[in-house]
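[1] sequence unknown, structure follows:
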């Protein structure tokens, strides 16, 4: 066994403009891998392993916005549904979420904490008893410096 390189290319005719964010999980006997990137077309693209080969899929842009390169991704199992979430700050300075609900991909505008966040969100999942929680942390300027804010699923 040794380390090797494989060229996954880029979405057809597009230039990747962000660092990749990857998540993985097991579905039956197949290990799934999803890699999220933004491209020069201001779309979110996913490169995923379908069990035999790598595929690219265009996820578009969130309604009324596009996003910068602050992408962060997580995954977890909610009952029998594997959830996948990609968070980023849009050019409208809202925290956006692109997620797999078990059937299809959807967009959700998380708004702002009352001020415009800056920088990259940091995202975690946390299990408290039987409840799975998601926390997205962002920093935002404040008159006394920078404050930390959290957007969470309760």
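    In hand now; what should we look at? Remember, it's a predicted structure, so these values are computed and weren't measured experimentally.

[2] Name the residues of stretch 29-44 that come out as buried.
    32, 34, 35, 36, 37, 38, 39, 41, 42, 43, 44 (16 or more other C-beta atoms under 10 Å). To be clear about C-beta, it is placed using only N, CA and C from the backbone, and glycine gets the same treatment.

[3] try stretch 79-92
    By neighbour count, with 16+ other C-beta under 10 Å as the criterion, the buried positions of stretch 79-92 are 83, 84, 85, 86, 87, 88, 89, 90.

[4] In strands, which of these fall?
    Those of those mapping onto strands are 83, 84, 85, 86, 87, 88, 89, per DSSP state E.

[5] The fourth one bridge partners, please.
    Read it as residue 86. Beta-bridge partners for residue 86, by DSSP bridges, are residue 73, residue 98.

[6] Distance of it relative to residue 48?
    According to C-beta to C-beta, to the nearest Å, residue 86 and residue 48 sit 12 Å apart.

[7] Could you do the third one as well?
    If you measure residue 85 against residue 48 using C-beta to C-beta, the figure is 15 Å.

[8] next one: residue 117
    According to C-beta to C-beta, residue 117 and residue 48 sit 28 Å apart.
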